[in-house]
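Curious how this folds, go ahead:
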Amino acid sequence: MLFINSASAQSTYQIGLLPSINLNYKLENDWSLNSKIESRQLMRTGEFSGLAESDYTYVLTDLSMITAIKVGLNSRVASGYLIRVREEKLFHRFIQQYTVVQRLAVYRLAHRFASDQTFSLDEKPEFRLRYRIASEVPLNGESIDPKEFYFKFNNEYLNSWQDSDYDLEIRFVPLLGYNLKNNNKIELGLDYRVNSFLKNNTRQSFWVNLNWFIEL
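Predicted coordinates:
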C-alpha cells in the first residue's frame, strides 16, 4: 500500500455502487453454468487534493454466462461470454479461466487464473491476464451452514494490453456474507480498485458491493 499512499496527492477517485445477481446451475456430468447480471452506478468523483463532485451517473451493465466442467478433485476449467452496455455502446468479451480450490481446516482458499478479450466497434481490442486469490472463512463453527455469517476476501491482479498501452489493476474485496439457506447467499462489502499508478496518474475506485447468489 506504500505506492498508493505516495501517489494519493495526485490521484483521482470515484465512489459508487456495484450490485449483482448470480444464478448458478448444476448440470449433468460435472458441468455447471453461471449467469450473472451486474450494474455499476457512480455516486461521487474527485481528487484527493480536495476537488470533488457528487452526482448520480449510470455507468454500465454487464450480462455474462460462463460454463465450467470439473477436471479434477478440486479444479474446474471454464469459458464464457460477457456483453457490456455502456453509453449505448456494446462491448463483447470472451472469457477463459481455470480455478483450483484448497479446502483447509476451517476455511477455503481458491486460486483463479483467467484471460479475456474485449472487442467493440468504437475502441481497440483489449486483452487481459488475471490472477485472483480468494479466501472464505465461516464465522460460526468449521463450515458455512444455513443462517450463518461468513467472511470472504478477494485479491486480484489484472494485466491489461490495449494497442501499445499496458496497465496493471489491483483489487481488494472484503465481503461479509450470510447463508440464507444452502442455495441462497447474500454478500455485502467494498470493492477497492487501483490502476494507472505505473503511469504516475493513479486512479482509485471504491464500489459498494451487494451480491446475491442463487443455486438452481
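
residue ranges for the helices of this structure, please.
Counting by DSSP state H, the chain has these helices, from start to end: 2-7.

for this structure, which spans come out with low pLDDT?
Counting by pLDDT under 70, the ranges of the chain that qualify are 1-10.

where do the strands sit along it?
Assigned by DSSP state E, the chain shows strands spanning 12-26, 31-47, 52-70, 75-86, 89-103, 108-119, 126-138, 148-162, 165-181, 184-195, 203-215.

Residue 124: neighbouring residues, count only.
Neighbourhood size, residue 124 [other C-beta atoms under 10 Å]: 12. All C-beta atoms are positioned from the backbone trio N, CA, C, and that covers glycine.

for the residue lying closest to residue 52 once chain neighbours are set aside, what are its contacts?
Closest residue to residue 52 apart from its sequence neighbours, by C-beta to C-beta, 6 or more residues apart in numbering: residue 46 at 3.0 Å. Contacts for residue 46 (C-beta atoms under 8 Å, 6 or more residues apart in numbering) come out as 12-14, 52-53.

for residue 44, which residues make a bridge with it?
Residue 44 forms beta bridges with residue 15, residue 54, as assigned by DSSP bridges.

That one contacts residue 51, correct?
No: contact between residue 44 and residue 51 fails when scored by C-beta atoms under 8 Å: they sit 11.5 Å apart.

higher neighbour count, these two?
Between residue 44 and residue 51, residue 44 has the larger neighbour count (other C-beta under 10 Å), namely 15 against 9.

That one and residue 172, how far apart?
As for residue 44, its distance to residue 172 is 19 Å (criterion: C-beta to C-beta, to the nearest Å).
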